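Visitor: everything below, folded, please.
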Amino acid sequence: PPMPPAAPMGHAPHAGMTHPMAGMQPAPSGHAPQAMAPAVSAPVHAAPQVVPHVWPQAGHMQPAPMPAAHPGHAVAASRQSDISLQDRYTDEAARVAQVRVDREQQAMLHELRAMKGMIEERFGTLAYMERMQRHPELARLVQRLMDCGFSPALVRRLTDQAPTHLSDLQGWAIQVLEANLRAAESEQPLEDQGGIVAMIGSTGVGKTTSTAKLAAAFAAKHGAANLGLITLDAYRVGAHEQLRSYGRILGVAVHTAHDRQALEDMLDLLSNKRMVLIDTAGIAQRDSRTQELLETLGHRSIEKLLVVNASAQGETIEDVLISYRASQCKGVVLSKIDEAVKLAPALDAVIRHRLKVMAVANGQRVPEDWHRLSAQALIHRALRGGGSAAYRFDSQDVNLLLATPPQQGMVMGGLHA
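Guide: From the prediction side, this is the model:
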């Protein structure tokens, strides 16, 4: 029979015609062709049901679905991130630059202040030296005070208040020093005042000897039966034996206390005594045990006397007065004035700290070397000067030394004539 015409390319065969290869499946590679299996119809799936959209009720909100990422959005986010990083780097660079500018400004201000201080110091030096040249009497007074051992702080204060119109400036300076030195000459002697007195001070200043001198002076006036002796010196070997030796001579028993509780018990035991003297251990002013000793003597009825070595350096005396809280003491006792080449450093510290000189000791004899001197006697003794020529100041050296501005925090009060 004749063949039907072929279907045009790109068009499906006519309905009702079956392709000769329909129902045939290619055999897998490497295997022989098998018999043709009958065609199995594909399973029919149910059409998906359309669920109506229901708005969520209050309290049961669900997050909205995120829209699908778009390539343009990713590019925009990347560009925004780059812009943020660039802004962050710009802010950091600006901050670093500002910090650098601030440091440079601070350095410039520091240099300007230093230059200002140097200019003021130079002008002050020139003004001071010009004043010394215009008033030779004032220059001689300054040189004498410095040679005697008075501190530049005290001498500078005197020269600032000195009336240059006076012809006798040295007499005026002596009167000012005497008026500012507090001495207990007008008060009752310590042995007549009674009470509980503790001798404190650094190592080797003569506390035990001063205690024995005061005890002997009291026993000679009021009797040994009215005197009590207590020692707190448990550090040195045989230290309490020294005071007990003086006690045996005076006929007074010496009690030992090791802490504050024992000391208070002893004070209760000796409460009927008119005077109780307490000898303490010698501790360096920079030792931590110094504060412990002061706390032990914190009883309200105890009055402290600070024993100061008059032959020590002025800076050492200053350190002792500060460490032992001299402002809280009843007064000071100047010991070893017979060994002091210059008495001015000790009197200078006493004047600047406004302390009272209760007594002086000028030797080891008990009780002969125990005195009360007036301010006039102490100042005249200090103005004797002395010492080696190697430690004396030249006039130019004195001018340069005193022309320097005083240091901040200096303990110095005003002087009254």
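
Visitor: quick one: A153 and A349 touch, right?
Guide: No: in this structure A153 lies outside contact range of A349 using Cβ atoms under 8 Å: 10.4 Å. Placement of C-beta: from N, CA and C, glycine included.

Visitor: these two: which has the busier surroundings?
Guide: The neighbour comparison of A153 against A349 (other Cβ atoms under 10 Å) goes to A349, with 26 against 16.

Visitor: just confirm Q143 contacts F393, I think it does.
Guide: Yes: here Q143 reaches F393: they are 6.2 Å apart, a contact under Cβ under 8 Å.

Visitor: okay, strands next: where are they in the stretch 251-400 of the chain?
Guide: With DSSP state E, counting those that start in this stretch as the criterion, the stretch 251-400 of the chain has strands at 254-256, 275-279, 302-309, 331-335, 356-360.

Visitor: compare those strands and say which comes out lowest on pLDDT.
Guide: Ranked by mean pLDDT, the strands of the stretch 251-400 of the chain bottom out at strand 254-256, which scores a mean of 89.

Visitor: buried residues in that one, which are they?
Guide: Across strand 254-256, burial judged by 16 or more other Cβ atoms under 10 Å covers 254-256.

Visitor: neighbouring strands - and their directions - for it?
Guide: Applying DSSP bridges to the sheet, strand 254-256 is found paired with strand 227-231 (parallel).

Visitor: following element in sequence after the partner strand, please.
Guide: Past strand 227-231, further along toward the C-terminus, the next helix or strand under DSSP states H and E is helix 239-250.

Visitor: and the angle for that following helix with strand 227-231?
Guide: Helix 239-250 runs at 170 degrees relative to strand 227-231, counting by axes from the mean of the first three to the mean of the last three Cα atoms, to 10 degrees.

Visitor: buried residues, stretch 325-345. List them.
Guide: Neighbour-count burial for stretch 325-345 flags 326, 329-337, 340, 342-345 (criterion: 16+ other Cβ under 10 Å).

Visitor: wait, V276 touches D268, no?
Guide: No: contact criterion Cβ under 8 Å: V276 and D268 do not qualify, at 11.0 Å.

Visitor: these two: which is more packed in?
Guide: Comparing V276 with D268 by other Cβ under 10 Å, the one with more neighbours is V276, at 23 against 8.

Visitor: how close does the residue lying closest to that one once chain neighbours are set aside get to T211?
Guide: Closest residue to V276 apart from its sequence neighbours, by Cβ to Cβ, 6 or more residues apart in numbering: G228 at 4.1 Å. Separation of G228 from T211 (Cβ to Cβ, to the nearest Å): 12 Å.

Visitor: these two: which has the busier surroundings?
Guide: Using other Cβ under 10 Å, the more surrounded residue of G228 and T211 is T211, with 26 against 23.
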